[in-house]
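1. structure here, sequence nowhere to be found:
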């Protein structure tokens, strides 16, 4: 009778320390990473699971999650797209690395071990912190001193003004700013620019 209560206390204690547990595998409950940066998640497993395949999948539900990367049963690193996984069988850990993080990477993920029957798994919430605006990005922002409407009514800024990636910055006059703006020619006005 005391054994189940002891196990329950171990689970409660681990959860209060920020770890999720599924008896033979555990991992952090949440991991933060910076946008455009990388993050590492280390999952721990019990002895006996060394040569089993380890995986990292994405999705809030167990049966609906998509495996992004899986080990081969060895300690060799496996990489797919921006995600890699490496098993350290001696230390009973496997590490997942996600690179070039984007806001859309924020989601529920799972550390898992493939086995006959139902796999073992534990959830990890990945949070992506927004990238700070750098002084370089601020200084590269377009500034308009004058502009000209082309035949379609789009504003084509003067030379030297471009959107990120070198594309021309196309803007329309803000109709709320002045209803008497000319449809052609040089003028100063408030602009609505995409982005």
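-> Received the coordinates, thanks. Owing to the predicted nature of the structure, the values given are computational and were not obtained by experimental measurement.
2. output the below-cut-off pLDDT ranges for this protein.
-> Along the chain, segments meeting pLDDT under 70 span 1-22, 137-195.
3. tell me where this structure has helices.
-> Ranges of helices in the chain, per DSSP state H, are 2-16, 135-139.
4. what's the neighbour count on residue 112?
-> 27 (other C-beta atoms under 10 Å). For glycine as for every other residue, the C-beta is placed from the backbone atoms N, C-alpha and C.
5. and it, what are its bridge partners?
-> On the basis of DSSP bridges, residue 112 is bridged to residue 55, residue 121.
6. go on, residue 83?
-> Bridge pairing for residue 83 - DSSP bridges - gives residue 80, residue 98.
7. thought it was touching residue 70?
-> No: using C-beta atoms under 8 Å, residue 83 makes no contact with residue 70, being 10.5 Å away.
8. between the two, which contacts overlap?
-> residue 56 (C-beta atoms under 8 Å, 6 or more residues apart in numbering).
9. my guess is residue 80 contacts residue 66. True?
-> No: using C-beta under 8 Å, residue 80 makes no contact with residue 66, being 11.5 Å away.
10. look at those two and report which has more neighbours.
-> Remark: of residue 80 and residue 66, residue 80 carries more neighbours, 12 against 8, as counted by other C-beta under 10 Å.
11. that one and residue 57, how far apart?
-> Using C-beta to C-beta, to the nearest Å, residue 80 is found at 12 Å from residue 57.
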